[in-house]
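Novice: What would the 3D arrangement of this be:
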Amino acid sequence: MNEHQRNDADQSTILRLGQFVPDQPLAGPDQSASPETVTAFVVRQAAPEVCQQSAQPVVAPKDGNALSPQSLLGVVSYCYAKDVCSSAEIERKLVKDPAIRAACGSDLPDRRILRRFRRLNRAAIRAMLEKIFRFRRRKEKAAWMAAAGASSNPACEPGESTIMFARQEAEARIEKAVFVDDMEKDD
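Specialist: Numbering: from 1, shown residues only. Next up, the predicted model:
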């Protein structure tokens with residue numbers, strides 16, 4: 001990826017990663033909330049639950065990383081949900097985020113740490129992404145039902161098609177991240 005393409009990618013997906021720093025306020029999204037707000041809310045709500053319920057403890061590499069495993073799970077899952085799957089791109093976005101820099105100082109996770117985190121916590125990342133995609137799908141269904149004049153409850157249990165969609169989309173994002181990172185290793 002050349003410098004011009006990298007700058008275009010930086011501008012195309014604005015991420016506010018500082019919201020995953022511990023002790024940041026968490027406001028619930030309303031009906032008119034942007035997809036980014038909804039995604040961030042779901043990630044922040046789900047990260048503690050996924051960390052507790054994971055078959056393996058969610059761990060973060062210690063070297064050069066001031067973010068907790070839970071915060072790093074939130075950052076990585078959020079980025080993948082926003083289709084930012086390159087560890088190098090996530091690293092660049094972390095460096096540019098003033099809240100993350102203020103919280104971590106010079107101990108920001110780099111692409112190597114992000115790749116290792118993904119390898120160590122693939123199941124937890126998948127679980128997070130599945131929650132995000134199920135929530136988005138229910139919200140889209142509720143909006144469609146409201147536009148059609150039908151009553152709907154977005155908190156209802158997801159159907160089998162929603163569950164399968166969420167699983168497939170989650171796995172596809174993780175596979176994309178692995179593929180992109182493998183292509184960029186010589187970067």
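
Novice: Look up the closest residue to the residue nearest to the spatial centre of the chain, ignoring the ones flanking it.
Specialist: By CA atoms, centre = their mean, the chain has its centre lying nearest to Y78, at 1.4 Å. Once flanking residues are discounted, Y78 sits nearest to V43: 4.8 Å by CB to CB, 6 or more residues apart in numbering. Where you see a C-beta, it was placed from the backbone N, CA and C, and this is true even at glycine.

Novice: Any chance of the backbone angles for the one you found?
Specialist: Main-chain torsions, V43, degrees, to the nearest 10: phi -60, psi -50.

Novice: quick one: pLDDT of it?
Specialist: V43 is assigned a pLDDT of 82 by the prediction.

Novice: which residues touch it?
Specialist: Contact partners of V43, counting by CB atoms under 8 Å, 6 or more residues apart in numbering, are F20, G74, S77, Y78, A81, M128, I132.

Novice: From those residues, which land in helices?
Specialist: Mapping these onto helices (DSSP state H) picks out G74, S77, Y78, A81, M128, I132.

Novice: mind listing what the fourth one touches?
Specialist: Read that as A81. T39, V43, L129, I132, F133, R173.

Novice: Which of the residues you listed sits closest to E89?
Specialist: R173 (13.4 Å; CB to CB).

Novice: circling back: pLDDT for the contacts of V43 - can I get that in JSON lines?
Specialist: Shown next, in JSON lines, are the contacts of V43 (pLDDT from 0 to 100):
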{"residue": "F20", "pLDDT": "71"}
{"residue": "G74", "pLDDT": "91"}
{"residue": "S77", "pLDDT": "94"}
{"residue": "Y78", "pLDDT": "92"}
{"residue": "A81", "pLDDT": "93"}
{"residue": "M128", "pLDDT": "94"}
{"residue": "I132", "pLDDT": "91"}
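
Novice: Please indicate which of those has the highest neighbour count?
Specialist: Within the contacts of V43, most neighbours by other CB atoms under 10 Å means S77, with 30 neighbours.

Novice: Excluding chain neighbours, what is closest to that one?
Specialist: M128 (3.8 Å).

Novice: you'd agree that neighbour is up against V75?
Specialist: No: assessed by CB atoms under 8 Å, M128 is found out of contact with V75, at 10.7 Å.

Novice: from the ones in helices among the contacts of V43, which is closest to D97?
Specialist: Out of these, the member with the shortest distance to D97 (by CB to CB) is Y78, at 11.7 Å.
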